[in-house]
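[1] Provided below are the primary sequence and the corresponding predicted coordinates.
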Amino acid sequence: MARRQADPAVRRAREAPRRAAAAQRIGPRPPRVPRPRRTEYLFDLKLPGAFYADWEQPTGAGERFLAKVVDDFGADSPAVAVMRVLLHYRETYGPSIPMKAVGQRELLLNETDLAARLSPEGGLTDDDVRAQAHALHARGLLFVADDGSLWRTVPPGTPYSAPDGRWSLVEQLVRAPTQRAGTAT
């Protein structure tokens, strides 16, 4: 004769006192850190802050479009230079680019000692340091705060992130450059 399956409701009722006693002995379960979501792009991480409020999605940014811009404006034109930069950003950041954050990070690379801090041995070229900064930023490991400073971060859902699933600001790498005398913001 085949063995009959136990009713799940009966089994849960029978196990409830055992689980309650174990919970009293052991204590409450620790809060769980959310499992990391598989994200392809920085946009998927849903970064907080003013520098990540607007995302540019350049359409037509591809090799064919670049060839058309070269034909229309000439190979040495500023429009072609901008298109090459946008193509590079799309390769790094994906279809959505946080242009304010990228611009602020570029400003910090130009105006502060960030490049030296990212290449402590000095063995990297300026282009290598910029590529490294883009790669770290695109993975959510660098974050531009609302005051314009750059922070090393731990994205939510990773093993060392905050337990409540929020962003963890680990270390301020550089402060925003102060306004120069005679210039307006």
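    Perfect, I can see it now. Numbering: from 1, shown residues only.

[2] tell me the secondary structure for the residue lying closest to residue 100 once chain neighbours are set aside?
    Spatial nearest neighbour of residue 100, chain neighbours left out: residue 51 (4.7 Å); criterion: C-beta to C-beta, 6 or more residues apart in numbering. (Glycine included, C-beta is placed from N, CA and C.) Per DSSP: H, G, I helix; E, B strand; the rest coil, the secondary structure class of residue 51 is helix.

[3] and residue 157, that one's in a helix?
    No. Checked against three-state DSSP, residue 157 lies outside a helix; its state is coil.

[4] who's in contact with residue 12?
    Neighbour list for residue 12: empty [criterion: C-beta atoms under 8 Å, 6 or more residues apart in numbering].

[5] could you do residue 94 as well?
    So residue 94 contacts 40-43, 138 (C-beta under 8 Å, 6+ apart).

[6] and it, how far from residue 142?
    Distance from residue 94 to residue 142, counting by C-beta to C-beta, to the nearest Å: 16 Å.

[7] residue 87: which of the contacts of residue 94 is nearest?
    Distances from residue 87 to the contacts of residue 94, taken as C-beta to C-beta, are shortest for residue 138 (14.4 Å).

[8] does that closest one touch residue 96 like I think?
    No. Taking contacts as C-beta atoms under 8 Å, residue 138 lies outside contact range of residue 96: 11.0 Å.

[9] need the residues touching each of these two.
    41-42.

[10] any idea which residue sits dead centre in this protein?
    Closest to where the C-alpha atoms of the chain average out (C-alpha atoms, centre = their mean) is residue 140, at 2.1 Å.

[11] and which of the contacts of residue 94 is nearest residue 101?
    residue 42 (8.8 Å).

[12] residues near the closest one, how many?
    23 (other C-beta atoms under 10 Å).

[13] that one and residue 144: what is the separation?
    Counting by C-beta to C-beta - residue 42 and residue 144 are separated by 12 Å.

[14] for residue 74, which non-adjacent residue is closest in space?
    The shortest distance from residue 74 to any non-neighbouring residue, by C-beta to C-beta, 6+ apart, is to residue 80 (7.2 Å).

[15] avg pLDDT for the longest helix along the chain?
    Longest helix of the chain, by residue count under DSSP state H: helix 8-26. Averaging pLDDT along helix 8-26 yields 89.

[16] moving C-terminal of it, what's the next helix or strand?
    Next in sequence after helix 8-26, counting helices and strands by DSSP states H and E, comes helix 63-73.

[17] all set now, cheers.
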